[in-house]
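*Asks:* okay, predicted coordinates and the sequence, questions at the end:
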Amino acid sequence: MPLVTVTYKAWDHNRKIIPSAQQPRVGFKPLASDIAAAGLLTDREVFGTLDPNTGEGSVQLESEQGIMYQPFMDWLIDDNASAPSNQAREYSEWDPIFPGQGGPIDQLPSDATALSGVWFGYGDPPDVLRRRSDVTYWDVRGVGTGNPVLWIDTRFAVVGGA
C-alpha cells in the first residue's frame, strides 16, 4: 500500500493553538470497509507531528481503496505537569477522510457514501458509523468463542452469537 502525506492545522474549539504543556497530539484511526489487498489492517492509531507554535502538522497514511481514517485530537485538560493526579485528556474527532493522493486534510475526500457496506472491528463501532442507516458492523472480539456481536442500522439491533 502506498504511503501518502496528509497535512493539517490543529487548534481548540476557540481556534487557539493548544500549548505544548498540555501535550496535544493528532491521531488517525483506520476504518476499513474491506480487507486491504496487501495484507491485514490493524486497528492501531497513527499519530502525526504537531508544531507547538503554529499548530501545523503532517502524518503519513496508507492509501488503499476501502480504507478511511477517523482523525482525532486529544490533549491534557490541565497543563500542570507537576500534578500527575490530573492526567485526564480532552478529545475531539472529525469526519472520516480518505487519504487519496495526500495533501491538506480539508481538501481530502470524505464522501459519506463510501462508508456503506459491512465493517469489522474490535469493540463498538465509531460514532460516524452509528449515524448511518446503510452500514452493518461486526464487533469481532468474540470470534472463536461463538459470540461476535452484530450492529445493524442506527437503531442498533444487537445480535449475539454467530
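*Replies:* Great, that's in hand.
*Asks:* okay, strands next: where are they in this protein?
*Replies:* Using DSSP state E, the strands of the chain run over 3-9, 25-32, 46-47, 56-62, 67-76, 89-93, 103-104, 117-121, 135-139, 149-152, 157-159.
*Asks:* any stretches of the protein with poor pLDDT?
*Replies:* 1, 12-14, 32-43, 66, 79-86, 110-116, 127-128, 130-134, 142-162 (pLDDT under 70).
*Asks:* mind redoing it with 90?
*Replies:* 1-3, 9-24, 29-45, 52-55, 62-70, 74-101, 105-162 (pLDDT under 90).
*Asks:* okay, now residue 57: neighbour count?
*Replies:* 20 (other Cβ atoms under 10 Å). Using the backbone N, CA and C atoms, a C-beta is placed for each residue, glycine as well.
*Asks:* ok, it to residue 73 distance?
*Replies:* 10 Å (Cβ to Cβ, to the nearest Å).
*Asks:* what sits in contact with each of those two?
*Replies:* 10, 26 (Cβ atoms under 8 Å, 6 or more residues apart in numbering).
*Asks:* show the contacting residues for residue 100.
*Replies:* Contacts of residue 100 by Cβ under 8 Å, 6+ apart are 4, 63, 108, 109.
*Asks:* care to break this protein down by domain?
*Replies:* Under the assignment automatic domain parsing, the domains of the chain span 3-113, 116-159.
*Asks:* so what's residue 56 bridging to?
*Replies:* Beta bridges link residue 56 to residue 9, judged by DSSP bridges.
*Asks:* hmm, it is touching residue 17, no?
*Replies:* No - assessed by Cβ atoms under 8 Å, residue 56 is found out of contact with residue 17, at 9.4 Å.
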